[in-house]
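1. with the input below, show me the fold.
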Amino acid sequence: MTTIGVMTYEQVVEELRSMADPSNLEGQARFGIDISTSLGISMTQLRPVARRIGKDHELALRLWDSGIREARILATLVDDPRHVTPEQMEEWAQQFRSWEVVDAACCNLFDRTPYRFTKAVEWADREEELVKRAGFSLMAGIAVHDRQAANHELINLLQIIQRESCDSRNFVRKAVNWALRQIGKRNLELNRAAIETGERIAGMECKGAHWVASDALKELQSPQVQRRLALRGRR
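-> Numbering: from 1, shown residues only. Next up is the predicted model:
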């Protein structure tokens, strides 16, 4: 048995299998999750396991390679972004099989790497549905977690969001909408820019764009969001 960090790979997988709950699989499938390798474990159950493990890059790589849904999500939680390479990001992206694993990789790990903007732009231009989703999921993660990101960097992403808003594939359009909303909730300047982008998208002649725009504008122009951003701007 190979020891990696505090827990061995074998110990982690054994613990995950002991937590398996097949009764959750039907519900996961209803949400569009690929349950072919799922153990039926929730994210709230996985986070305490990740905290006990801590950061362990080598363990994360082995957990990902297991192919088990929950092991892959756990890998996104325990990997160390300082050791993640563009090659690893691309390899994992090519193996995406389910939208929630995409979001876990992008918003738990990839948005903390030095390659976050480069990959977000690159993946947003890809044809594969889940890789393309990853581009916009990464944009949403950057907007929420990257406090050093400048407004102009995020405004540049809005141009890509507008460009790709006609992609009506479910997992893509929801991520495009998510990225638009998260950028627009960051501060007042970005809120104005995101609303302008949403209004331009609303005028585009494609079905997918109308939903992206109307849903995002409803939240971004809401009194609750406007009030929160105004208060934040005074601090």
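2. element containing Ile161?
-> helix 151-163 (DSSP states H and E).
3. what's the first helix or strand after that helix?
-> Going down the chain from helix 151-163, the next helix or strand is helix 170-184, by DSSP H and E.
4. got the angle for the helix or strand just after that following helix vs helix 151-163?
-> Using DSSP H and E, the helix or strand that follows helix 170-184 in sequence is helix 188-202. Helix 188-202 runs at 10 degrees relative to helix 151-163, counting by axes from the mean of the first three to the mean of the last three CA atoms, to 10 degrees.
5. just the residues contacting helix 188-202, thanks.
-> The contact list for helix 188-202 (CB atoms under 8 Å, 6 or more residues apart in numbering) reads 143, 151, 154-155, 158-159, 161-162, 165, 180-181, 183-185, 209-210, 212-214, 216-217, 220-221, 225-226, 229-230, 232-233. Using the backbone N, CA and C atoms, a C-beta is placed for each residue, glycine as well.
6. can you give me the mean pLDDT across it?
-> Throughout helix 188-202, pLDDT has a mean value of 97.
7. could you do stretch 143-158 as well?
-> pLDDT averaged over stretch 143-158 gives 97.
8. hmm, who's touching it?
-> Contacts of stretch 143-158 (CB under 8 Å, 6+ apart): 107, 111-112, 116-117, 120-121, 139, 142, 179-180, 182-183, 185-187, 189-190, 193-194, 197.
9. name the element Phe96 belongs to?
-> Going by DSSP H and E, Phe96 is not in any helix or strand.
10. hey, where'd the helices end up in the protein?
-> For the chain, the helices defined by DSSP state H occupy 9-18, 25-30, 43-53, 57-65, 69-78, 86-94, 99-108, 116-124, 129-145, 151-163, 170-184, 188-202, 207-220, 223-233.
11. right, I'll leave it there.
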